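S.K.: Kindly return the folded structure for what I paste below:
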Amino acid sequence: MSVDFEEGAFLGLSKASGPADIAVVPLAYELTTSYGTGACDGPQACLDASAQVELFDDRLGKDLPAGYVISTEPVWEGGAPTLRGQLDEMAAHARSFYSGNLFPLFLGGEHGILPPLIHAARHHPAVEGDLANLTIVQLDAHADLRSSLDGEIFSHACAASRSLDVGAGRLLQAGVRAYSKEELVRINTDNRITTSFAKHTQHPHSGGEAWKAWLEQLRSLSGPVHFTLDIDGLDGALVPATGTPVPGGLSFWQAVETIETLFANPKVMVISADVNEIVAQADGVLTQFTAALLATKVVASHVLARDEGRWKVMAADEDVPFNAAFFTEFDGEARSSN
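M.R.: Residues are numbered from 1 along each chain as shown. Take a look at the predicted model:
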């Protein structure tokens, strides 16, 4: 399949004819950033940088798109006058990518994109209408488990907490090294949460064993999974322009190993992924290029899962109701049925 170059498209690949197998969905959302800004321009910066990424993936053994149709969707921007209204708009936009016939990769934007993606994911046929069946795997410097930040329960600092409240059944985290006492209490008391702290996985002497334990957790998973990669989960030297870079984080190869291990699990179906907190670096391209490399690894790992039978097209479940005002009406309680 011959694919022409298209400026601004993911990997520079113009969309081939036919329905998309993989959709790259940019979400220019930034309403609650609390330190550095610019995440709204991150998705396009990542797309632009991806044009310089090699199409060959060594694990896949092929050049992308490897016979599949990759569609770069138009950049989504919210139009509602309120934060909750924009979350409802984002969820409605994301819902169409959870029909079961393609794999969506969302590019953010601040990590506040996660709860609406999880709400939309209940419509994927593998989830069977019940988000309790869904596991979230998160790489992040921050636990994102606050009840609120600056009075806002949908702050990017609450993304994982709200996603559990929306109904997700389980959360696995790695790279975490910046968290509050409140978040640590929730980690220690909520049996849905398993956190691999960076102080353990990155320890110069015992880190190897802690990292092996993280990989074994990924291998033990089963069922549908959403993978969320906040790029500040990596060491700040790799992503200096992200909104809240933190030293002591994951190496690039640890992020790659996480992606490859998760997608290679024969008991798991990764139904969607996001790469978020991308910010265009003003004095270079390292931040957005790192994000583009990892986004490419996600796509290549999905293609390999398809080729080896770990991902399959599923028929949409039209019986799952969609609440278009879910976040506008949200009262803080999990609602796995609507």
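
S.K.: Contacts only, for the spatially closest residue to residue 200 that is not a sequence neighbour.
M.R.: Once flanking residues are discounted, residue 200 sits nearest to residue 210: 4.0 Å by CB to CB, 6 or more residues apart in numbering. Heads up, the C-betas are built off the backbone N, CA and C, glycines and all. By CB atoms under 8 Å, 6 or more residues apart in numbering, the residues touching residue 210 are 196, 200, 201, 203.

S.K.: Could you identify the most distant pair in these?
M.R.: Distance extremes for those: the farthest pair is 196 and 203 at 11.6 Å, using CB to CB.

S.K.: between those two, who's got more neighbours?
M.R.: residue 196 (19 against 14; other CB atoms under 10 Å).

S.K.: What helix or strand is the more buried one located in?
M.R.: strand 193-197 (DSSP states H and E).

S.K.: Show me what that strand is packed up against.
M.R.: Judged by 3 or more CB pairs under 8 Å, 6 or more residues apart in numbering; DSSP states H and E, the packing partners of strand 193-197 are strand 170-176, helix 181-189, helix 207-220.

S.K.: what about the ones you listed, which gets the closest to residue 255?
M.R.: The nearest among those, by CB to CB, is strand 170-176 at 8.3 Å.

S.K.: Just checking: what are the partner strands of the closest one?
M.R.: The strands beside strand 170-176 in its sheet (DSSP bridges) come out as strand 135-139 (parallel), strand 193-197 (parallel).

S.K.: so where is the chain shaky, pLDDT-wise?
M.R.: 1-3, 32-38, 332-338 (pLDDT under 70).

S.K.: those helices in it, which residues are they?
M.R.: 42-50, 83-95, 114-121, 159-166, 181-189, 198-201, 207-220, 252-264, 286-307, 326-329 (DSSP state H).

S.K.: any idea which of the ones you listed is most buried?
M.R.: helix 114-121 (a mean of 28; mean count of other CB atoms under 10 Å).

S.K.: Including distance to residue 131, could the helices and strands packed on strand 193-197 go into TSV?
M.R.: Listed next are the helices and strands packed on strand 193-197 as TSV, based on distance: least, CB to CB, whole Å:
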stretch	distance to residue 131
strand 170-176	10
helix 181-189	18
helix 207-220	20
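
S.K.: which residue of this protein sits farthest from its center?
M.R.: residue 205 (30.3 Å; CA atoms, centre = their mean).

S.K.: That residue and residue 177, how far apart?
M.R.: Distance of residue 205 to residue 177, computed by CB to CB, to the nearest Å: 17 Å.

S.K.: again with residue 137
M.R.: Taking CB to CB, one finds residue 137 at 17 Å from residue 177.

S.K.: again, but for residue 91
M.R.: Applying CB to CB to residue 91 and residue 177 gives a distance of 30 Å.

S.K.: just residue 275 next, same as before
M.R.: 19 Å.

S.K.: For the two, indicate the residue with more neighbours.
M.R.: Per other CB under 10 Å, whichever of residue 275 and residue 177 has more neighbours is residue 275, with 28 against 22.

S.K.: quick one, what contacts the closest residue to residue 221 other than its chain neighbours?
M.R.: Excluding the flanking residues, the one nearest residue 221 by CB to CB, 6+ apart is residue 268, at 5.2 Å. When contacts are counted by CB under 8 Å, 6+ apart, residue 268 touches 221, 222, 223, 224, 225, 262, 310.

S.K.: what bridges to residue 268?
M.R.: residue 223.

S.K.: Distance of it relative to residue 320?
M.R.: Shown here: residue 268 relative to residue 320, a distance of 21 Å by CB to CB.

S.K.: gap between residue 29 and residue 115?
M.R.: From residue 29 to residue 115 the distance is 11 Å (CB to CB).

S.K.: Likewise for residue 48?
M.R.: 27 Å.

S.K.: burial measure for residue 56, as a count.
M.R.: By other CB under 10 Å, 12 other residues sit near residue 56.

S.K.: That one contacts residue 62, correct?
M.R.: Yes - between residue 56 and residue 62 a contact is recorded at 7.2 Å, counting by CB atoms under 8 Å.

S.K.: Contact partners for residue 9?
M.R.: Residue 9 neighbours (CB under 8 Å, 6+ apart): 15, 47, 51, 72.

S.K.: which of those lies closest to residue 132?
M.R.: After measuring the contacts of residue 9 against residue 132 - CB to CB - the closest member comes out as residue 72, at 32.7 Å.

S.K.: That closest one: what's it in contact with?
M.R.: By CB under 8 Å, 6+ apart, the neighbours of residue 72 are 6, 8, 9, 10, 13, 15, 24, 26, 47.
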